[in-house]
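[1] take this sequence and fold it.
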Amino acid sequence: MPHQSMVRGIKLTIAYDGTDFSGWQRQKNGRSVQGELEAALAKMHGHEMRITGAGRTDAGVHAMGQVAGFYTDIASIPADRFTLALNKLMPRDVRVLSSEEVNGDFHARFDASLRRYRYFLICGGTPDPFALRYAHFVPYYPRVTVLNAMASVVLGEHDFSTFASAQDASQSRSRHISESVFFFNEGKLVYQVAGNAFLWRQVRSLVGTFLELEREASTPERGEALMRELLESKDRSRAGATAPACGLFLWSVEYGARIHGHTRRKRPHPVSGESPASDTSDMASVCSGSSEISGVSATASLDLAEEYRRLVPGLGWINEAEK
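    Numbering: from 1, shown residues only. Model prediction:
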């Protein structure tokens with residue numbers, strides 16, 4: 001049995017094509033991203049492994065910056081080498097982008113201070129079938145000024161009951177949104193939203209509602225008023241149709257001082273031989289052997305000057321400086 005000091009925390013940054021997955025979370029009858037990662041880790045370690053993700057993406061939702069954490073009792077592999085080792089053992093639609101060692105009490109989900117999503121739309125024309133795998137097609141060009149007037153309404157702390165799925169089990173429907181903006185990038189319309197956390201299918205519900213209200217609103221001011229009325233109603237039946245999963249990406253996850261939400265009580269990392277923690281607490285137990293700017297606000301904190309291009313499957317090179 002390995003000594004506790006031999007157990008290390010490892011943080012992974014992961015990208016995946018969610019089309020053929022039932023979602024992030026492991027399931028008895030469905031292919032999951034978590035399941036693929038845990039199977040690869042089990043091959044490396046010779047025993048059952050558990051990994052925790054920062055966000056439980058739904059079926060068909062993609063990721064460019066999912067973060068996950070696990071504990072390893074293998075002392076001989078440098079932390080950065082887990083990237084290559086895991087990619088050799090996993091299918092092509094899941095890739096580990098980076099791996100690093102973290103403190104033993106790191107928790108990918110509960111320690112996250114901000115989650116950023118991007119929703120991609122193809123407007124007008126005739127899109128090719130490959131692009132439709134990673135973006136939602138609308139046969140017209142929505143007015144971005146109207147969309148951004150509505151998007152600005154959700155900035156700040158709100159009760160998002162209007163946009164919560166009836167199946168969402170969250171005790172509180174309040175969330176803090178720090179970024180909410182539509183912009184064109186590489187010929188596609190993108191909605192970027194970031195917050196401390198999101199309700200189940202909240203981002204897709206917002207996008208679907210924005211698109212429906214944009215067609216009703218005669219001016220940006222009217223769009224803003226309609227959106228504010230809808231948000232304050234807390235009536236789920238008044239929201240628009242939920243946008244399809246294909247256009248949604250978990251874009252990035254940030255860690256650091258948590259300004260909004262509750263601070264997690266730190267717990268020591270597990271040692272070999274401990275029983276796995278339950279999924280209710282979502283604690284990783286490895287080595288055991290056994291949830292989505294005009295509108296640009298000062299709070300959005302988008303660094304528009306930074307040149308950064310990212311290759312996204314099916315979308316090509318995304319220039320993050322073009323907001």
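[2] across the sheet, point out what pairs with the spatially closest residue to residue 87 that is not a sequence neighbour.
    Nearest-residue entry for residue 87: residue 96, 5.5 Å, with adjacent residues in sequence omitted and distances by C-beta to C-beta, 6 or more residues apart in numbering. No exception for glycine: its C-beta is placed from N, CA and C like everyone else's. Following DSSP bridges, residue 96 is listed with bridge partners residue 14.
[3] make sure residue 145 is indeed in a helix.
    Yes. Per DSSP: H, G, I helix; E, B strand; the rest coil, residue 145 lies within a helix segment.
[4] so how far is residue 214 from it?
    Going from residue 145 to residue 214 by C-beta to C-beta, to the nearest Å gives 10 Å.
[5] which one of these two has more residues nearby?
    Set residue 145 next to residue 214 and count neighbours by other C-beta atoms under 10 Å: residue 214 wins out with 24 against 14.
[6] shouldn't the residue nearest to residue 87 be in contact with residue 16?
    No. Applying C-beta atoms under 8 Å as the test, residue 96 and residue 16 come out as separate, 9.8 Å apart.
[7] those two - which one has more neighbours?
    When residue 96 and residue 16 are compared for neighbours, residue 16 comes out ahead with 27 against 21, by other C-beta under 10 Å.
[8] measure the closest residue to the more buried one other than its chain neighbours to residue 207 for me?
    For residue 16, ignoring the flanking residues on the chain, the nearest one in space by C-beta to C-beta, 6+ apart is residue 94 at 4.4 Å. Remark: distance between residue 94 and residue 207 (C-beta to C-beta) = 25 Å.
[9] please say which of the two ends up with more neighbours.
    Neighbours were counted for residue 94 and for residue 207 using other C-beta under 10 Å; residue 207 has more, 28 against 20.
[10] contacting residues for that one?
    119, 121, 136, 191, 243, 247 (C-beta atoms under 8 Å, 6 or more residues apart in numbering).
[11] now do the buried residues in the helix or strand harbouring it.
    Per DSSP states H and E, residue 207 falls inside helix 202-216. Using 16 or more other C-beta atoms under 10 Å as the test for burial, helix 202-216 gives 202, 203, 204, 205, 206, 207, 208, 209, 210, 211, 213, 214.
[12] sorry, back to before: quickly name whichever of the contacts of residue 207 is closest to residue 155.
    residue 191 (13.3 Å; C-beta to C-beta).
[13] how about that closest one, nearest residue that isn't a chain neighbour?
    Of all residues not flanking residue 191 in the chain, residue 119 sits nearest, at 4.4 Å (C-beta to C-beta, 6+ apart).
[14] same check, this time on residue 69
    Per C-beta to C-beta, 6+ apart, closest to residue 69 is residue 108, 4.0 Å.
[15] tell me, how many residues neighbour that neighbour?
    Residue 108 has 24 nearby residues by other C-beta under 10 Å.
[16] shared neighbours of residue 96 and residue 16, anything?
    Both residue 96 and residue 16 lack any common contact, where contact means C-beta under 8 Å, 6+ apart.
[17] who's in contact with residue 16?
    Contacts of residue 16 (C-beta under 8 Å, 6+ apart): 33, 62, 63, 66, 93, 94, 95.
[18] the last one and residue 45, how far apart?
    To tie it back to what came earlier, the one meant is residue 95. Separation of residue 95 from residue 45 (C-beta to C-beta) stands at 20 Å.
[19] ditto for the fourth one
    If you measure residue 66 against residue 45 using C-beta to C-beta, the figure is 21 Å.
[20] looking at the two, which is more packed in?
    Shown here are residue 66 and residue 45; by other C-beta under 10 Å, residue 66 has more neighbours (29 against 16).
[21] which one is the more buried one nearest to, not counting chain neighbours?
    Among residues not flanking residue 66 along the chain, residue 14 sits closest, at 4.5 Å (C-beta to C-beta, 6+ apart).
[22] same question for residue 245.
    Counting by C-beta to C-beta, 6+ apart, residue 245 lies nearest to residue 60, which is 3.3 Å off, once chain neighbours are set aside.
[23] hang on, the one you found packs against residue 18?
    Yes. Here residue 60 reaches residue 18: they are 5.3 Å apart, a contact under C-beta under 8 Å.
[24] shared neighbours, these two?
    The contact sets of residue 60 and residue 18 overlap at residue 245 (C-beta under 8 Å, 6+ apart).
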